[in-house]
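Student: Pasting the sequence and the predicted coordinates here, then a few questions.
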Amino acid sequence: YGDTSFQDCKKASEEAMDLVIQQLQAKLYSDSEPIEARAEAVVLLKQLNFPVCIFAISSLFTC
């Protein structure tokens with residue numbers, strides 16, 4: 001294993017995480033997703049230290 005293998009692995013990992021984040025964002029902003037699924041997407045994005053704009057999802061927390 002050398003630098004090339006590490007770089008390849010790092011790139012693949014970053015691409016996978018980008019895909020996960022995109023899918024979570026799609027779930028979060030989808031009006032067709034149940035509120036529970038959207039709330040779970042918020043939690044998971046926060047755990048990934050991905051900024052989540054609460055104002056954009058304020059419909060999740062309406063009174």
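Tutor: Cool, got the structure. Residues are numbered from 1 along each chain as shown.
Student: mind listing what's buried in stretch 22-37?
Tutor: Residues 24, 27, 28 are the ones in stretch 22-37 that count as buried (16 or more other Cβ atoms under 10 Å). All C-beta spots, glycine's among them, are computed from the backbone N, C-alpha and C.
Student: give me every residue that touches the one residue sitting closest to the centre of the chain.
Tutor: In the chain, the centroid-proximal residue (Cα atoms, centre = their mean) is residue 21; its distance is 2.9 Å. Counting by Cβ atoms under 8 Å, 6 or more residues apart in numbering, residue 21 makes contact with 45, 48, 50.
Student: Weed out the non-buried ones from those.
Tutor: Buried, going by 16+ other Cβ under 10 Å: residue 45, out of the contacts of residue 21.
Student: Now the element after the host helix or strand of residue 13, going C-ward?
Tutor: Using DSSP states H and E, residue 13 falls within helix 3-29. Once helix 3-29 ends, the next helix or strand along the chain (criterion: DSSP H and E) is helix 35-47.
Student: chain center to that next one, what's the gap?
Tutor: How far helix 35-47 lies from its chain's middle: 8 Å, per Cα atoms, centre = their mean, to the nearest Å.
Student: got a list of contacts for that helix?
Tutor: By Cβ under 8 Å, 6+ apart, helix 35-47 touches 21, 24, 25, 27, 28, 30, 33, 52, 57, 60.
Student: separation between residue 19 and residue 31?
Tutor: Going from residue 19 to residue 31 by Cβ to Cβ, to the nearest Å gives 22 Å.
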